[in-house]
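*Asks:* sequence plus the predicted model coming up.
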Amino acid sequence: MKAQLVSTNGDVKSVKPKNNKTFSLKELQSYVDGYIQIVKTRDDRLMIMNQEGRNNNLPYNEIATSLYIYGSHDVVVGDVLVTDKELIS
């Protein structure tokens with residue numbers, strides 16, 4: 001089980017839940033700096049993004065958009081967390 005924080009500047013950093021089992025809502029919100037929205041990736045993982053990212057004019061995230069299941073029709077903004085389903089409770 002793994003998770004990566006994908007930043008808008010192109011950095012990808014491995015992260016893990018504080019309790020070593022699953023991420024808390026507070027943890028997820030801290031990674032995306034706001035309310036969360038959970039979507040699927042092309043490889044059937046989960047992507048956690050800022051629900052209000054577009055309204056807040058967050059920067060485009062090229063890597064996250066390429067991973068997003070609808071990335072060919074829609075873009076992702078802001079930093080995101082990409083994780084295996086098992087790490088979300």
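*Replies:* Nice, I can see it.

*Asks:* which residues sit against the lengthiest helix in the chain?
*Replies:* Scanning the chain for the longest helix, with DSSP state H as the assignment, gives helix 25-32. If you take C-beta atoms under 8 Å, 6 or more residues apart in numbering as the criterion, helix 25-32 is touched by 5, 15, 17-18, 35-36, 48-50, 53, 78-81, 88. C-beta: built from backbone N, CA, C; applies to glycine.

*Asks:* below-threshold pLDDT in the chain: ranges please.
*Replies:* Across the chain, the ranges flagged by pLDDT under 70 are 1.

*Asks:* for stretch 16-36, the distance to its chain's centre please.
*Replies:* Taking C-alpha atoms, centre = their mean, to the nearest Å, one finds stretch 16-36 lying 10 Å from the centre of the chain it belongs to.

*Asks:* just the C-alpha atoms of it, please, in CSV.
*Replies:* The C-alpha trace of stretch 16-36 is given here as CSV (Å, rounded to 0.1, in the frame of the first residue of the first chain):
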residue,chain,number,x,y,z
LYS,A,16,2.0,7.4,4.7
PRO,A,17,-0.9,7.8,7.3
LYS,A,18,0.2,8.9,10.7
ASN,A,19,-1.4,5.8,12.3
ASN,A,20,0.3,3.6,9.6
LYS,A,21,-3.2,2.2,8.6
THR,A,22,-5.5,4.7,7.0
PHE,A,23,-5.6,8.5,6.4
SER,A,24,-7.8,10.6,8.6
LEU,A,25,-10.0,13.3,7.0
LYS,A,26,-7.9,15.9,8.7
GLU,A,27,-4.8,14.5,7.1
LEU,A,28,-6.4,14.4,3.7
GLN,A,29,-7.5,18.0,4.0
SER,A,30,-4.1,19.1,5.1
TYR,A,31,-2.5,17.5,1.9
VAL,A,32,-4.8,19.4,-0.4
ASP,A,33,-5.3,22.5,1.7
GLY,A,34,-9.1,22.4,1.9
TYR,A,35,-12.2,20.3,1.5
ILE,A,36,-11.6,17.1,-0.3
